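Participant: got a structure for you, letters missing:
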Ligand SMILES: [Zn+2]
């Protein structure tokens with residue numbers, strides 16, 4: 001089993017993650033409503049080109065195009081029977097991109113939410129969710145992933161299902177949650193709640209003879225300011241030794257001419273990367289809207305940078321914009337608006 005990410009973290013103060021998958025695939029021709037993951041089978045050269053662009057920009061870690069490759073999400077595309085294939089292919093493509101360069105690049109096999117509401121409010125049990133995540137994890141490990149990368153999770157039960165499901169392969173597990181609702185996840189968890197949940201799930205894994213959750217953090221949400229604020233809360237809620245992940249969106253999503261666009265510039269993402277580092281993050285990258293150009297700006301901003309004091313809320317807002325901007329759902333209609341901006 002791969003220990004590449006663990007080795008890289010032992011040798012380096014911080015690692016550069018990559019940018020968005022979903023929003024970049026839209027600029028490469030993916031249509032709204034299409035499954036990005038089916039491109040792993042149908043248009044692998046496009047996925048490879050996106051990974052290559054991040055490697056060229058200096059990313060140390062590639063997240064795979066498998067965010068929605070669980071049987072629940074794939075069912076929306078009548079592809080619920082293709083979870084193994086699409087996870088396997090998604091990891092295989094990223095592995096080839098990572099192995100094509102003469103420096104270590106880790107393959108982080110993405111696992112996003114099912115889109116279902118878990119019991120007791122909804123109908124999906126933790127065990128059912130765990131089975132879907134386990135199916136993803138097994139295929140990802142077979143294809144050579146270095147780590148299972150759980151992201152954009154908002155609920156206690158779903159994080160439990162995902163971490164338990166991912167832990168079956170013996171690969172390291174990393175998890176991030178999305179704190180996009182006035183400093184909480186959509187299901188009401190604060191960053192401190194997330195840390196406590198992650199710690200209790202880690203204890204459960206260790207008791208079962210497995211490794212604890214390797215790193216925890218925040219991704220997506222409403223903007224880089226809010227993301228850095230979440231990282232501050234995570235660092236205050238956990239131990240000094242915890243490894244924190246920051247994957248903020250590229251600026252603030254805005255609804256323009258029928259599409260969501262991201263306001264972030266390379267300069268803003270450079271400031272965000274330094275502030276995320278100051279706030280305590282050791283794995284830093286971008287989520288929705290982040291292109292290879294933004295990744296390169298973050299790489300350059302962190303190269304040789306010595307982290308400063310933890311930033312104040314005022315400093316974060318001055319550099320990165322409001323921590324709690326209004327949600328950009330105007331004109332998209334409630335749920336679909338939310339759904340569309342909660343991607344990878
Ligand atoms: Zn995102």
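Facilitator: Looks like it arrived, so ask away. Source: prediction; values computed, not measured. Residues are numbered from 1 along each chain as shown.
Participant: and the residue of the stretch 101-250 of the chain found nearest the ion, how far is that from residue 22?
Facilitator: For the stretch 101-250 of the chain and the ion, the shortest gap (C-beta to the ion) falls at residue 220, measuring 3.2 Å. Quick note: C-beta positions are derived from backbone N, CA and C, even for glycine. Residue 220 sits 10 Å away from residue 22, taking C-beta to C-beta, to the nearest Å as the criterion.
Participant: Between these two, which has more neighbouring residues?
Facilitator: Counting neighbours by other C-beta atoms under 10 Å for residue 220 and for residue 22 shows that residue 220 has the greater number, 25 against 20.
Participant: Could you tell me the phi and psi values at the more buried one?
Facilitator: When quoted as degrees, to the nearest 10, the phi and psi of residue 220 stand at phi 60, psi -140.
Participant: Next, count neighbours for residue 221.
Facilitator: Quick note: residue 221 (other C-beta under 10 Å) scores 28 neighbours.
Participant: show me the contacts for it.
Facilitator: The neighbours of residue 221, taking C-beta atoms under 8 Å, 6 or more residues apart in numbering as the test, are 178-180, 227, 230, 248-249, 287.
Participant: what does the protein have sitting close to the ion?
Facilitator: Counting by C-beta under 5 Å from the ion, the chain comes close to the ion at 220, 287-288.
Participant: neighbours of the residue nearest to residue 166 when sequence neighbours are not counted, just the number please.
Facilitator: Spatial nearest neighbour of residue 166, excluding adjacent residues (C-beta to C-beta, 6 or more residues apart in numbering): residue 148 at 3.9 Å. Around residue 148 sit 28 other residues, with neighbours defined as other C-beta under 10 Å.
Participant: and what of the one 5 residues further on?
Facilitator: Summarising burial for residue 153: neighbours were counted as other C-beta under 10 Å, giving 28.
Participant: Give me the most central residue, the chain.
Facilitator: Centroid-nearest residue in the chain, with C-alpha atoms, centre = their mean: residue 151, separated by 4.2 Å.
Participant: any weak-confidence spans in the protein?
Facilitator: Counting by pLDDT under 70, the chain contains low-confidence residues at 325-344.
Participant: Quick check: the residue of the stretch 101-250 of the chain closest to the ion touching residue 152?
Facilitator: Yes. With contact defined as C-beta atoms under 8 Å, residue 220 reaches residue 152; the gap is 5.4 Å.
Participant: Would you mind listing the residues in contact with residue 157?
Facilitator: For residue 157, the contacting residues are 118-119, 126, 129, by C-beta under 8 Å, 6+ apart.
Participant: show me where the stretch 151-300 of the chain has helices.
Facilitator: With DSSP state H, counting those that start in this stretch applied, the stretch 151-300 of the chain shows helices at 156-166, 191-207, 224-237, 266-279, 292-302, listed in chain order.
Participant: Including distance to residue 8, could those helices go into CSV?
Facilitator: Below are the helices of the stretch 151-300 of the chain laid out as CSV (distance: least, C-beta to C-beta, whole Å):
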stretch, distance to residue 8
helix 156-166, 19
helix 191-207, 20
helix 224-237, 20
helix 266-279, 16
helix 292-302, 15
